[in-house]
Every structure is written in structure tokens, then in C-alpha cells.
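> structure of the sequence below:
(3 chains, ligands or ions: 8)
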Amino acid sequence: MPSLGASFGRGGATDFQQDLQNSDCIVIMGSNMAENHPVGFQWVMEARERGATVIHIDPRFTRTSAMASKWVGIRAGSDIAFLGGVVNYILQNDLWFEEYVKHYTNAPVIIADTFADTEDLDGLFSGWDPEKGKYDTTTWRYEGMEMHASAGNREEGFGPSGHQAGHGGAGGGLRHGEPPSEDPDLQHPRCVFQILKRHYQRYTPELVADLCGCSVEEFLFVCEALTQNSGRERTSAFCYAVGWTQHTVGVQYIRTAAIIQQLLGNMGRPGGGIVALRGHASIQGSTDIPTLYDILPGYLSMPHTEYYGDFESFMQANTSPTGFWGHFKAYWVSLMKSYFGEHATADNDWLFKQLPRIDDDNSVYFTVDQMLEGNVKGYIIAGENPAVGNSNGRANRLGLAKLDWLVVRDLVEIESASFWYDSPEIETGELETKAIPTEVFFLPAAAHTEKDGSFTNTQRLLQWHRQAVEPRDDCRSDLWFYFHLGRRIREKLADSKEPRDELVRYLRWDYPTHGQLDEPSAEAILAEINGSETATGAPLDAYTKLRDDGSTACGCWIYCGVFKDGVNQAARRKPHWEQDYVAAEWAWAWPANRRTIYNRASADPNGDPWSERKKLVWWDGTKWTGHDVPDFEPTKAPDYRPGKDATAEDAIAGDHPFIMQADGRSWLFVPQGLVDAPLPTHYEPHESPFDNPLYAQRANPRRQQRKKASYDPYNPVADEPGAEVYPYVVTTYRLTEHHTAGGMTRTIPYLSELQPEMFCEVSPELAAEAGLEAGGWATIFTARSAIEARVLVTNRIPPVTVQGRTTHQVGLPYHWGARGLTTGDSANDLGHLALDPNVHIMESKAMTCGIRPGRRPRGKALTEFVTELREQAHSRREMAPRHEPEETRKTSKT
Amino acid sequence: MSSTLGHPAAAPDGWDAYGDDQQPRVGFFTDTSVCIGCKACEVACKEWNLIPEDGLSWTGESYDNTSALGANTWRHVAFIEQEKPLHTNGDGSTGLRWLMESDVCKHCTHAACLDVCPTGSLIRTEFGTVIVQQDICNGCGYCVPACPFGVLDKRHIAKPPELPAFHGNEDGRVWKCTLCYDRLKGGHEPACAKACPTQSIQFGPLDELRERADARLAKLSGEGWNGVQLYGRDPDDGVGGFGAFFLLLDDPEVYGLPPDPIVTTKHLGEMWSSMAAAATVLVAGVACAFIGRRR
Amino acid sequence: MSSYYGRPVIKEPTWTWQIPTYFFTGGLGGASSVLSLSATLFGNEQLARRALYIGALADAACPPLLIADLGRPERFHHMLRVVKPTSPMNMGSWVLLASGGASSTAAALERLGRLRPLRHTAATVAALFGPALATYTGVLIADTAVPVWHEGRKELPWLFGATAAASAGAAACMAVDPEHAGPARRLAIGAVAADIALMRAMELRLGEVGEVYRKGAAGTLGLAAKALAGAGATVLAKRGGRSRGAAVLGGALVCAGGLCLRWSVFKAGFQSARDPKYTVGPQRARVEREGTKVTTQPKA
Ligand SMILES: Nc1nc2c(c(=O)[nH]1)N[C@H]1C(S)=C(S)[C@@H](COP(=O)(O)OP(=O)(O)OC[C@H]3O[C@@H](n4cnc5c(=O)[nH]c(N)nc54)[C@H](O)[C@@H]3O)O[C@H]1N2
Ligand SMILES: Nc1nc2c(c(=O)[nH]1)N[C@H]1C(S)=C(S)[C@@H](COP(=O)(O)OP(=O)(O)OC[C@H]3O[C@@H](n4cnc5c(=O)[nH]c(N)nc54)[C@H](O)[C@@H]3O)O[C@H]1N2
Ligand code: SF4
Ligand code: SF4
Ligand code: SF4
Ligand code: SF4
Ligand code: SF4
Ligand SMILES: [Mo]
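Residues are numbered from 1 along each chain as shown, chains lettered A, B, ... in the order given. Ligands and ions are numbered 1, 2, ... in the order given. Below is the predicted model of the structure:
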């Protein structure tokens, strides 16, 4: 979550769900928490019982709204305007937490005069390069800071790439903790605070209401609730999930909330923070120990081809001189020692030379493009179901059909494994089983009940689970698969002389196994991740013990301590009613078992709690202490000031709580680390029926599109002719009764019977307008495809009035596919591949569509139906094509 | 048992028969004001009790595709979409509300199902709950229309392979909530209560639950909750009070519950006597047919 | 009136065709035993003997019907595990056992012409339980939550008793020579009159709930019942004393009427259970009238 990382230093939920019970106001926005995190939601209910105001802001009235004190219905894709309005309200009415903002945020920092705002450039920031379609982000830097040579294309790998950057890794080029020029009184026209004020001044209540489709009263209710429940005595929290992330400006949605929480002083405090509700049981774990292409465990940058051979420049580019990223080398070397043991030495640069490099964007949808172009030979799908779960299902399936071989490891034969005989494209005749070259291997996987392991959940909490039963038949754990696969490969390469095989031969691959199946010990692997002294093998207890001389090995620096004293801390099971609400003895949270990160901010600059009611950690005169593990060096006094030559954490002053940041402050303004904006700005979704009332620039200029790809056509938008073919806003989401692409739920009778059919949610008004019959069928279509769904007419998804126009919204759960006990069309067949530029996520939360009564055409007729409508729409568009400024303007000042 | 003839007594019929083995009477307080409609209770119940899946039919009735309690549904979560504010104290709460209620067997103090069961298959347990003894039930079906809440039904479903072998291809017996009798015996709380993430389903000794409910009612009405009321809490109601009672946010019938249920055997006395009279008159009538003109 | 998506509040019975048929045969059997014993007492040999046979046959038909309706037929004997006054079905099983057992014994001995005293005792036992057998089925269905049955609890035993008497008389008319069938005829005619009167009275007293007797299957069968029984009674009255043929026809019509009436009542129960308004309406009205303790409102 680069947005949180860029703002605060770590890409994880800043708080734990149990702490929500201490909130005085909870805003759930971009999440349907009651339906998708029902167990965590009990703490929201607890807060409500204690008198907290619970607000749900969502296009639909959901099971979460039903529990909330207030629901505000808005148009999908309009959140930045709404939240920007809140920022403006706070600033205009002087309701910000002065002491907090002045000391803990970068509000006082003066920005270089190369920076120009969207307000001045009609929707673009300075540094826009139309050829590259990218920003030169150095124009956004702190004043007086010397910059890296070619920092312009950081994301290409020079310096921390997207994810490490997104985790505070962007050093900001600071040489010591204090930015060169600041104005403590926040008056300087180029200080962050003033820039912020100007940037949001047009986000008035009236504009918000007109753009989001809510009422001014509703908007003001939220503003008042938030401001009245923030300050010394009270705290407010935000909860979000993919209702915010799945947009072409997703990262900036979260940034806007981050700005509000900084201005109101809610970060690092009990009942405050931004709770990022994550997905799969261990999805947080899958970024900590990444399944991502561009980072290594602990958000360390993956080396890029540019660095071939040059270890030092790589170290230099990734080491922030100040803050905890100052120890990048220690984390890196320890990782290499953990991978390669004695083979990694100072003399061979810890095998840096031999490490694989990334040469390009290898994110999932880019890989789909490559498949379609025939550049991908083989593919392993483990633990996902892209044929249903990925946007633009057709493109994904056609891609799979171009592989030579495909391995699918799953509990059941999912659509991604069966596409070659039962996908919609087989039905339409686009694919013919005989003609598909792909050889598909289905390998049955063992479920979590059939193996030991840990889940790193939404609040960075590692929870251990033990095997309950042996896997049936050929089912094997993923651990088993990868371990024995590696073992066999290593046997084959044992005496290879090829340099390219060196790393494989050097790998430490000596895990103890047990049982008839030779199951590797998951605990041994957790111990390896925790790390140890290479000499003695003694387990480490904190990442502060990591060294860059090879004396320590650690598989993931942020997890260091999970095997403290040789004990599996993640397996601790002391229930919360036997300890205080922080429940520090239940499992283990990274970093260092802290439950609320940045908790130094729960005390004032002098180290005293802001108030008795909201005390969490404080300075007792000699050390930091409190209910939670202090997120600060235990004995660094509040009045500590770094010397000019101080580095790493020593460069962070005693009153700067955000220790991962180069300047120890949270970032209202993000000079580096995000590729599309230093400040969130409202852009319309890639597909929406409206222009951007704020700027000529309609949508995020930096969004990733496939303009020329035949397999990813887009609907005409706004007032373009042809847009009327797809007049409605459509959003997709989940139901409590099913899980994501359905492999785990559509196969289970007890769940299938609870939501047995794909349906769409429409308002009575839309049903009347489109002639839809309650309980009947509807066909929903975009330029990509058409699907059918049963019609659920409900007042829970009312039309909204935007820019004077009544706009209908269509709601679609995305759980269905061709297989299982309950089958149905996949919402993702309607989806497109326009992505957020920071995390390459698709915009499945706000698109446009058309809807008609009745079932969809079958077979070839379906393709014809979709094509006909699309060609209609596109040919009309040709008459008056839209040229967005992004395609023409160059905005660098210098 | 005879206590249901004439006026209800407070103690559940048959419970005191346990003497020393008698356990405190337990039950449920289902607080719909915190129900998030997650249906974990439905699933937990089916999992624990190995109840067969019974049809994949989509209703279009809000998010309720279970529809009603029955032989294969012992917990049923009702969903009601209303254009009514949640609160009446003008706190700005929206004009929409979505009521959710997890329904279950009421384990009546005076249980019609139990009273009318001809085989003694339905019994009162030592916990004061009402269960069907599956090895006794002969599927006469009498309890089905006797229950004033439509809880029980005969299981018609063909036996799903993964479940234990049933009689032939059709079960034929009636099934309902056992209040997890097996779990209670093992000292565990019922599966549905265990699974409920928000404590909408509260399990415990009935008198405790009643106190909690009274406090809850006072709190919520103080907060101005629209239509808040308890249902089945009062031992003097038509079934002598429910073992599993509810906090509702609207009239019972809105949730598909009877507004004034009465245990049918309450009137059994009059029925027997009117039968006795009818029988006598029948004899007399026949006799009369002989008296008078002889041929 | 609000309801949950118009779904029923209570469950429809699970009973199938055997049950109303049993109501008929049970009634016929029970009343016939009484008729037979009275005939013996009043010295009407032929009527006594034939009524006895009819009763025995009708009783004999009952157990198979009841067992066939069970979900677990092999467990029919569980009906006699307990003696349970709160369960009309349990009581009924005992009554059927006694009355049916007795009537068949009596009939068998009659046929064999042996053990006269025992035959008489058996017949007496049968006649003793007969009235109960003929009327308890009214209690059986009244003792449910089915609105139209439970609310009709006062009339149902009377109604079923009358129908039983009518069919017993009618059946006898068919089997006995007209000159000996006088009492049976009078019984049939009188009972039919009572039957129709009772039926009307019940519908009236039931009010809104009673409307199911004018709707759907229950309505049609109800009309048929009245028409058939009425016609049958008239035929018996006009010519039943003279022509054997007329007696058979009239008797058959009355019996058919009796069968239809049982079916009408049976169906009415299902119809009133199916529509929530019959459950909620009257209860709501009662709450308005008398208040209720089932809901606890917050203290003002
Ligand atoms: N039962 C269940 N639980 C789950 C999952 C599941 O599939 N089933 N999936 C898990 C996973 S992988 C994840 S990532 C999480 C996701 O958790 P959530 O983010 O809560 O999941 P969604 O239902 O996709 O989206 C949440 C809400 O976003 C709303 N929304 C759509 N567009 C917008 C918008 O533009 N603005 C705002 N404010 N809201 C919008 C939708 O109406 C929806 O109610 O849930 C996890 N938990
Ligand atoms: N339109 C639309 N599309 C979306 C979203 C949306 O909101 N709207 N949400 C997006 C989000 S947030 C997510 S996370 C994705 C999810 O989409 P996917 O991840 O593609 O779909 P899942 O069904 O979660 O796939 C997980 C698979 O892993 C299998 N599995 C479970 N346990 C194991 C195991 O231990 N080992 C192995 N090998 N397999 C296992 C399951 O059977 C299941 O098939 O969908 C995305 N797509
Ligand atoms: S499924 Fe697991 S992660 Fe999701 S809410 Fe339930 S318990 Fe929590
Ligand atoms: S609710 Fe119905 S099934 Fe449950 S105990 Fe009462 S009468 Fe019996
Ligand atoms: S069906 Fe079974 S439980 Fe119900 S009354 Fe008959 S025997 Fe008793
Ligand atoms: S108590 Fe047990 S049986 Fe009854 S509903 Fe709950 S889980 Fe099901
Ligand atoms: S588990 Fe609890 S919250 Fe969920 S539906 Fe059942 S009662 Fe409601
Ligand atoms: Mo997710």
C-alpha cells in the first residue's frame, strides 16, 4: 500500500481492528466492512455501543450501512472530491490540530519553486512529459535538496522502485533528518501547508454535493462528525479496502484520507489511524514476503538491469541516509546470507552480480499483454483464479490459451484450469479446444486445514495455524511443492558448471521434513525468516540487530523477532479477555510486535500523552513506555536533536514519530515515491459519464491504458458521442456469502445455497427506465463483453444527481464463473485494463455500462451483439473525438 | 404435561421431571439490533449438525435465499428493506433501514410440538430445551402444524452422499434446532452462538438473558431506536415465554413471526369436553333413531 | 396487513390423502358399532349384524391408511410407546386399537357364529369406543396452530360426529333391506340435517378465517358435500323406505357427501395455513382487543 507507505513510512494498516472500539468516530469508506470483514467489524459495533458515530460512505446501502449511524450515498469514483472537500472544510474553518501538524507532519516544509499545482496547470502537475506520458517528479521536491542524477525515472529502477518507495524507501534525498528550508509558522507561500490550502480551496460543499451526488447536509454531517471527534481528547478512524484501491487514481484516494488524519492528528493514537482492510487471509503476508515482481522480502527493491554489476550504486540509490531505511544494506546483506549462506560474502558483493534483474513492468496485466503477444511460454497459477478474478476476463483467458504449458495448483479445478473446454470463448467459438496449444497441468493443493503455517492478516499480525488433517490423495501443501521442486532442480543441477545455475546451487535448501509425505517444517522456515547470527545460529530478536557485515542472516527484516528466543511468537494464543485490549500476547505483529505503529504520535512533542483518555505510549523521563510497544528508540528523549552529520535513525529528532521517513515526519505532500501526484486531485474514472468539473484534465493522465489493444476497447465517455450507449455507472463488489472468484465458495453447498445466482442490483427508477422486471433477467454490457444476471430491484442503490443529471448506478457482485454448484456470468468480463500507475490495479470499482431486460445472446450471437453496439458507439465517437490535454501539454516550468 | 391444560405455569413442562439431573434452563437472546446478516449462524448450524443443502433457488427477496425455518434450516436470517429511519431522535440517520433477524426454534415453555407428539419423540431436555429424538420419530407429522411458529418440518430431501446414511432415499422424520444438545452436554455453547461475530446471538441461563434483554431494551429505547421491542421474553405470554427470545425493531409479523402465538394445547381441555358432549349426543342420536315408529 | 414476503407464518400439515380418508372410515366404523349395538338392543337382528360388519370393515381400513402416511412406516408401533392425553393422535391410536380390535373380534365371532357372550362383550366394547373414534379426529386437527381448524375447535368434534353418524346410517341403508333399515334411514337423514347446520354455523362463527371454506378446493368440496349429502338424504326420505335401489343410491350419495366434507375441512386447513393473513390477521385483531404479553414494549 504505497499510499500509506509514502505518507507514513510503512505500507500496512496503521492500527489494529480491536482498537476501533476506542474510536469516537469511524468513517468506513471504500469498504463494506460488515460483509467482508465481519469478524473485525465486531469492534466497530463495540465502538457504536460505546457511543461512537459510525459513518458509511458508499454508492450502495449495504449491511455495513445498516449498522452505521449514518450512510452517505455517493457516485462511484468521486471519493477524492468528497475527501478533498473535508480537507478544505478543516483548513477553511481552522479545525486542524495545530501542535500535531506543526511538529509531526511536513506542513512547514518549503517546496522547490519548480513545483506547479493542478490549480495552475488545469489538472496537471509540473513535470509532465507528454512523450513519455510521465512526470518528472524532481519538480515536486523539497527546496534546497540535491537530487539524484536521473531521479526523473525512479520507477524504472533508479532508486527505490514503486513498492520500496511506497514504504518510505524514497529517501527524499535528505542528507540529514531536517529538510533544508521550513517555515514553522506555516506562512511561506510555498510551504506545504499553504500549497495544501490553495490546492483544495475549490473543493467546496457545493462542489462536493454536485460532483458526488450527495447533499450538502450529508457532506457537512461527515465534516462535523470528524472534526468534533478529533483533537486531544477524541480520535477518529478511517477504514477502507478495495472500494478505494480499485481506481485509476486508487493510491490517491487513500492519500486524501491520510491528509485528513494528519491534519486532525489522528495517526498513531488509540482509536485513530487508517485501517487498511486487506483481502485474502494472508494478503498482507504476500506483500511482506512478496509475490510481487519488483520487490524482495521486507520491501527491498529488486535490482534493475541498469545496475548490472554495480553493487555500490545500487546500495547508494536505495539507502536513505536518514530514517530506518538508512540500514538498507544491513537488511539486504542479511537477506542474501539467509538465501545463500556462506556463499554470499563481502568479496563477491553478496552475489549481487548473479542476482536476476527486472527489465520492465512485469505486473500481472502486463504479463497478460505478453501472453497475448505470444511472449510467455509457461505460467504457474497458484492460489488465484484469473479467468474469473481478473479484469477483462476474455483477455485473460485468450492469453492462457496462447501458452505452451500452464500449471494450476488449486483446491478445485477452477475456471483458470478448465478454460480450454468450458470458457465463454468456447461457447462463442472464439476458442476451439482442439486448436488450443496450451498443455494444462492441474495439481491439487492442500488447504490451510491440511498444513502448518502462518497468516499475516490485515493488521500485520502473524497468526500461526496448525495442521488438522492430512491432505487427501494427491493434494500437497504449497510448501511441499516448492520445496521438493527446488530439491529436484538442485539435484539435476548439482554439478552444472553453468554460471547461470550458480545461485540455484548456492541456495540454502536444507529444511527438515516429517511424515509420510516428507512435509517440510513450516516452523523451520519461519525461524529462517526471523533470522540468526551466522556464527552461532542464535535467533535474533529485533531488526535493530541486523548487520551489513554478514554476521547476521534474516529472511525478512520486518519479521525479525517473530521467532524471538527460538519461540514461535506467532503461535501465542492468550485470549484478549486475559490481557488488556492491545492483547500483545496474542500472536505477533510486525514490526517488533507493535500493534499501533507510529505510536510515538500518541504523546505530545514533550512526550506526555495528549490526554488521559487517549494515552497509549509516553516518555517517563528516562524511556518510552505504555500499553503498546513504543514505535521509537526506547531511550531517545523527546528533546533529542540530530547533529549535522547524523545518519539513519540518529538523524531523526526526538519529536518526529515517523521513523521510517527520511525526515521523521508524516507527509501531507509527497515529494517522491508516487508517480502520479504529490497531492491527491479529483480525476474522473477512466470510464465515466462526466467531465471533470474542476479541470480540463478529465482523468488521471498517468493512468496506464491499452489504447491500441484490440482486446481492451473502451467505452466513449462524458459528452463524447457514443457514450449514450453505455450511460450508467457500474461498480463491482463482494457478498459475505462468497469469496472472490468463487473457487472456495461456489463449490460448497452451505454457501452456494445462501447466494445461489449471479444478480445485479438496480434501483426501482432504473428498473422502470430500462424496463427491467424484478426477479427477471438483465443483460449488462460494455465495449468488452455482455453478461446476464438476475434482477434485484432495491432502494439500496439509489440514483444520484450529478452536475444536474440523474445518474443510475448498477451493482454487480463478481463471484460467479462457469463452474461449481452455482454458476453464472463473471462481472469481470465487463472489466477493462486501465490501471493505477503506482500499483497497476484495475479500475473495477467505477466503469460505465449499458443494461437491457432479458438474457444475453448465446454463442456467436453474443460476440455479434457486443461488437455491433461497440462499433455503433465508436463510429459515433470518431465524429467528435476527445483530445485530453495530457496528450499535448508539457508542463515543466524549467 | 397436564399443566398446559388450563393455565400455563412458568416452568417448562417436563423439565422438573429430571430431579437431580436437572440443569439450569438455557436459551438464546437474539438481539437483532446488532445482527449484521452475515449468516455465519446458518452455516455453523448446518456444519455442526450435518444438515443437507436444500435447494439453490434465488428468491430476489433482498439477500434472503433461505426463506424460512424448516427441516433443513434451523437458523434462518430474515432480511427486510424498509423506508424507515433507524432512529426516531433525528440524529440524521438515513430514511432507509435494513432489518436482519436470525430466527430459530423458540424452545417454548409450553411447546405445542412436544405436547402433541404421539410417540414421545419430542422431549424436554434437562436444560429445559425441546428436541426431537430421531430414533423415535415415526414421521406422523403432527408436530408440524402444531408449532405456532412454523419451525418444524418433515425432511423430504433425498440423502446427500456426504451425509450419514438415511432411511432409504427419503428421511421422513421431522427435524429442528436441538439447541445443540450434544454441545451442551459437552459443556460448549451452541454452534450458531459461537459463530456469531457480533453477539447478536447470546446464549446462557434464561433468567440472566432476560435481565440482559431488559437492560438492552431500556438502553436502545433511550437512544431512540425505532420500534424496539422484546419478543417472547415474558413468561406469561401464550406459550409461557420463549426459551429463545428476541429483540426486534418492528412488529413480529414484519419478520414473519406471529404477533400473538398461543400454544394450541391451551384449549385442549375445551376440545376434549366438546368431543365428549358430541360423542354422547351421537349415542343419543342413534338411540332416538330406534325409538318411535317401528315397522 | 404486513407479512414477510407473503410467506406463511406456520407450516402446512404434511398429511396426504390417507388422512381425510381415515377420518371418513374411522367415523363410519365408530358410528356403525354404535348403530349395531343399538340395533341388537332394539332387536333389529339384520341391521345389527350388517352394521357390525360395516363397522369392522371400516375400522380394519384405518391402520393401513394411517401407517401409509407415516414418514417412517416401520415405526408405526411407536404410537403406542406412551399414553399421552395432550396428544389427541396418541389417544386416538389407543381408541382405534380398542374399538377396531373389538369390532373385528365381534364381527369374526358373528361370522363363525361361536362364543356368543364374547361376541356381545366385544361388540359392546366397540360401541363404547365407537363414539370417541367418530369424534376425536375433530379434536386431532383442532389441536394445531392451523387457524381454520383451531378456531373451529368447538364445532369440529360435533361436525365429525354428525358426519360419522350420517355415513353409518347411510352405509347401513345400502346393506340392509328397506323394511329393517328404518332406524338407519332416520339416523342418516337426521345426521345430514345436523351436519349441514353445523357446517354453516362453523363458517359463520369463524368469520374472516371461515372464508377459506368458500375458496379453492375447500369451497368446491364443501358445496359438493352439502349437495351430495342433501340429495342423498332426500332420496332416502322420499323412496328409501320402499325401493332397495333408491336406498343404495341415497346411501351412496350421503357417504360420498361425508367423504367430501372431510376433504373440504382437510383442504381448508392447508389453505388457511398457507396464507399468512389467516394467522396474523386474527392474532393482530386479538392484540388490538386484549393486548399481548408476547411483545414487551419499552417503558414510556
Ligand atoms: N465474504 C467475503 N469477505 C471478503 C472477500 C470476499 O470475497 N468475500 N474478499 C476479501 C478480499 S480479497 C478483499 S480485497 C476485501 C475487500 O473488501 P471490500 O473493499 O469491502 O470489498 P468490495 O465489496 O469489493 O468493495 C467494498 C465496497 O466498495 C463500494 N464501492 C464501489 N465503488 C466505490 C467508490 O468509488 N467509492 C466508495 N466509497 N465505495 C465504492 C462497493 O459498493 C462495496 O460496498 O474483502 C475480503 N473479505
Ligand atoms: N470486478 C472485480 N474484480 C476483482 C475484485 C473486485 O472487487 N471486483 N477484487 C480483486 C481482488 S481484491 C482480489 S484479491 C482478487 C481475487 O481473485 P483471485 O485471487 O484470482 O480469486 P480467488 O478465488 O481468491 O483465488 C484464490 C484461489 O486459491 C485457492 N486456494 C485456497 N487455498 C489455497 C492454498 O492453500 N494453496 C493453493 N495453491 N490454492 C489455494 C482457492 O481455491 C481459490 O481458487 O480479485 C480481484 N478482482
Ligand atoms: S473469513 Fe476469516 S478473515 Fe474473513 S472475517 Fe471471517 S474470520 Fe475474519
Ligand atoms: S417453537 Fe415450535 S418447534 Fe420450537 S418448541 Fe415451540 S412449538 Fe416446538
Ligand atoms: S413427526 Fe415425529 S416428532 Fe413430530 S409428532 Fe410425529 S413422532 Fe413426534
Ligand atoms: S442451537 Fe445448534 S441446532 Fe439450534 S440453531 Fe443453533 S446451531 Fe443450530
Ligand atoms: S451470525 Fe450473528 S450477526 Fe451473523 S447473521 Fe447470524 S445472528 Fe446475525
Ligand atoms: Mo483482495
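
> C-alpha from now on. contacts and neighbour counts both.
Fine.

> so what's the residue count around whichever residue of the stretch 601-750 of chain A sits closest to ligand 7?
Residue nearest to ligand 7 within the stretch 601-750 of chain A: A:Thr736 (9.9 Å; CA to the nearest ligand atom). Residues contacting A:Thr736 under the criterion other CA atoms under 10 Å in any protein chain shown number 21.

> just the one 5 residues further on next, same as before
By the criterion of other CA under 10 Å, A:Ala741 has 24 neighbours.

> does it touch A:His815 like I think?
Yes - contact criterion CA atoms under 8 Å: A:Ala741 and A:His815 qualify, at 4.8 Å.

> got any residues that touch both of these two?
Residues touching both A:Ala741 and A:His815 by CA atoms under 8 Å, 6 or more residues apart in numbering or on different chains: A:388-389.

> give me the contacts around stretch A:394-408.
A:368-369, A:371-372, A:374, A:376-382, A:386-387, A:390, A:416-417, A:419-420, A:423-425, A:431, A:436-443, A:711-712, A:829.

> so which of the residues you listed sit within helices?
The members of the contacts of stretch A:394-408 that map onto helices under DSSP state H are A:368-369, A:371-372, A:386-387, A:416-417, A:419-420, A:424-425.

> name the member of those residues with the most neighbours.
Most neighbours among the ones in helices among the contacts of stretch A:394-408, by other CA under 10 Å: A:Ala387, with 29 neighbours.

> that residue: what's it in contact with?
By CA under 8 Å, 6+ apart, the residues touching A:Ala387 are A:393-394, A:396-397, A:415-416, A:419.

> roughly how far apart are it and A:Ala395?
Noted for A:Ala387: a distance of 9 Å to A:Ala395, by CA to CA, to the nearest Å.

> and C:Gln297, by the same measure?
59 Å.

> hang on, the earlier thing: give the contact list for the residue of the stretch 601-750 of chain A closest to ligand 7.
By CA under 8 Å, 6+ apart, A:Thr736 lies in contact with A:35-36, B:38.

> check the residues you listed one by one and keep those near ligand 1.
Contacts with ligand 1 within the contacts of A:Thr736, counted by CA under 6 Å from any ligand atom: A:35-36.

> buried stuff in stretch A:574-589?
Neighbour counts over stretch A:574-589 (16 or more other CA atoms under 10 Å in any protein chain shown) mark A:582-589 as buried.

> mind pulling up the pLDDT for A:Gly159?
For A:Gly159, the pLDDT comes out at 44.

> let me fix that, I meant to ask about A:Gly850.
A:Gly850 carries a pLDDT score of 98 in this model.

> test my guess that it contacts A:Ala723.
No - with contact defined as CA under 8 Å, A:Gly850 and A:Ala723 do not form a contacting pair (9.7 Å).

> neighbour count winner among those two?
In this view A:Gly850 and A:Ala723 are compared by other CA under 10 Å, and A:Ala723 has more residues nearby, 24 against 21.

> look at the more buried one and report its pLDDT.
You'll see A:Ala723 listed with a pLDDT of 96.

> which non-adjacent residue is nearest it?
Distances taken as CA to CA, 6 or more residues apart in numbering or on different chains place A:Pro716 nearest to A:Ala723, at 4.5 Å, with adjacent residues excluded.

> which residues does A:Val27 contact?
A:Val27 makes contact with A:54-57, A:236-239, according to CA under 8 Å, 6+ apart.

> check which helix or strand it maps to.
Assessed by DSSP states H and E, A:Val27 sits inside strand A:25-29.

> list the neighbouring strands of that strand plus their orientation.
strand A:53-57 (parallel), strand A:236-240 (parallel) (DSSP bridges).

> and the first one, anywhere near ligand 1?
Yes - Strand A:53-57 comes into contact with ligand 1 when judged by CA under 6 Å from any ligand atom, the residues involved being A:Ile57.

> and the average pLDDT for that strand is what?
Rounded mean pLDDT across strand A:53-57 is 97.

> list the buried residues for stretch B:129-149?
B:129-133, B:136-149.

> and it, end to end?
16 Å.

> close to ligand 4, is it?
Yes - Stretch B:129-149 comes into contact with ligand 4 (CA under 6 Å from any ligand atom), by way of B:130, B:147-149.

> quick check, that stretch touching ligand 6?
No - on the criterion CA under 6 Å from any ligand atom, stretch B:129-149 is out of touch with ligand 6, staying 9.6 Å away.

> repeat for stretch B:87-103
No - against ligand 6, stretch B:87-103 shows no contacts by CA under 6 Å from any ligand atom, the least distance being 8.4 Å.

> okay, now C:Arg185: neighbour count?
By the criterion of other CA under 10 Å, C:Arg185 has 29 neighbours.

> go ahead and name everything in contact with the helix or strand where A:Tyr89 lies.
Per DSSP H and E: A:Tyr89 is located in helix A:79-92. Under the criterion CA under 8 Å, 6+ apart, residues A:96, A:197, A:200-201, A:203-205, A:208, A:211-212, A:219, A:223, A:227, A:244, A:252-253, A:256-257, A:259-260, A:263, A:680-683 lie in contact with helix A:79-92.

> which parts of the next helix-or-strand element following it count as buried, going by neighbours?
Where DSSP H and E defines the elements, the next helix or strand beyond helix A:79-92 is helix A:98-104. By 16+ other CA under 10 Å, the buried positions in helix A:98-104 come out as A:100-104.

> so how far is helix A:98-104 off the chain centroid?
Centroid displacement of helix A:98-104 relative to its chain, using CA atoms, centre = their mean, to the nearest Å, is 27 Å.

> one more: stretch C:136-150?
Taking CA atoms, centre = their mean, one finds stretch C:136-150 lying 12 Å from the centre of the chain it belongs to.

> is that stretch up against ligand 4 anywhere?
No - Stretch C:136-150 is not in contact with ligand 4 by CA under 6 Å from any ligand atom; minimum separation 9.5 Å.

> what is the burial count for residue 250?
Just going to use chain A. Neighbour tally, A:Gly250, other CA under 10 Å: 29.

> actually it's chain C I care about, not the one you picked
C:Gly250 has 31 neighbours, counted by other CA under 10 Å.
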